[in-house]
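Colleague: sequence and computational prediction follow.
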Amino acid sequence: MEKTPVKVLARNKRAFFEYTIDETLECGIELLGTEVKSIKIGKFSYTDCYAKIKNDELWLIGFHISPYPFGNLFNHDPLRVRKLLVHREEIKRLKRKVDEKGFTLVPVSFYLKKGRVKVELGLCRGKKLHDKRESIKKKDLAREAQREFR
């Protein structure tokens, strides 16, 4: 069985630092034509982006896609709320975890799979300050060990 090629467009490094990620989920995004073109040329920002469940549907909020330079009349609103395409059972399971256990849904990476734009959502819990310091310490130790190894 052949593995489908995936072209990673962006990874949310800050999410790995700010949150502990318990599990991830692949979602499709409902986009307009000019939005897809803008994403493919890398004109998007996800700094304040998160996902929210409203009316048993999953929505991506705060995802900025710049207008496509050649889109003129067909361009879109850069900050519109976009629907995420996920199975209903997955949404119910996520809703239970977000409501009960205090998790948040944060995009971890954006990529192209078979020409379609996908987002990998992480089910995350916020880190405390001491946890962040600990992860910085681990990273420094790993870097030192790599330096010694060379």
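Modeller: Sure, I can see it. What you see is a predicted model, and the numbers here were worked out from it, not measured in a lab.
Colleague: which strand or helix spans L141?
Modeller: helix 129-149 (DSSP states H and E).
Colleague: now do the spatially most central residue of the chain against R96, distance only.
Modeller: Averaging the C-alpha coordinates of the chain gives a centre point, and the residue nearest to it by CA atoms, centre = their mean is P107 (1.8 Å). Relative to R96, P107 is positioned 20 Å away (CB to CB, to the nearest Å). C-beta: built from backbone N, CA, C; applies to glycine.
Colleague: which stretches of this structure form strands?
Modeller: For the chain, strands defined by DSSP state E occupy the ranges 6-11, 19-29, 44-45, 50-54, 57-61, 64-65, 82-85, 104-113, 116-126.
Colleague: as JSON lines, the ones you listed with distance to N72 and mean pLDDT would be great.
Modeller: Shown next, in JSON lines, are the strands of the chain (distance: least, CB to CB, whole Å; pLDDT from 0 to 100):
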{"stretch": "strand 6-11", "distance to N72": "24", "mean pLDDT": "87"}
{"stretch": "strand 19-29", "distance to N72": "23", "mean pLDDT": "88"}
{"stretch": "strand 44-45", "distance to N72": "19", "mean pLDDT": "89"}
{"stretch": "strand 50-54", "distance to N72": "31", "mean pLDDT": "90"}
{"stretch": "strand 57-61", "distance to N72": "25", "mean pLDDT": "92"}
{"stretch": "strand 64-65", "distance to N72": "16", "mean pLDDT": "90"}
{"stretch": "strand 82-85", "distance to N72": "21", "mean pLDDT": "92"}
{"stretch": "strand 104-113", "distance to N72": "25", "mean pLDDT": "91"}
{"stretch": "strand 116-126", "distance to N72": "22", "mean pLDDT": "89"}
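Colleague: what about these, which gets the closest to H76?
Modeller: With CB to CB, the closest approach to H76 among the strands of the chain belongs to strand 64-65: 7.1 Å.
Colleague: what comes into contact with the closest one?
Modeller: Around strand 64-65, the neighbours that count as contacts under CB atoms under 8 Å, 6 or more residues apart in numbering are 31, 35, 38-39, 43-46, 49, 76, 78-79.
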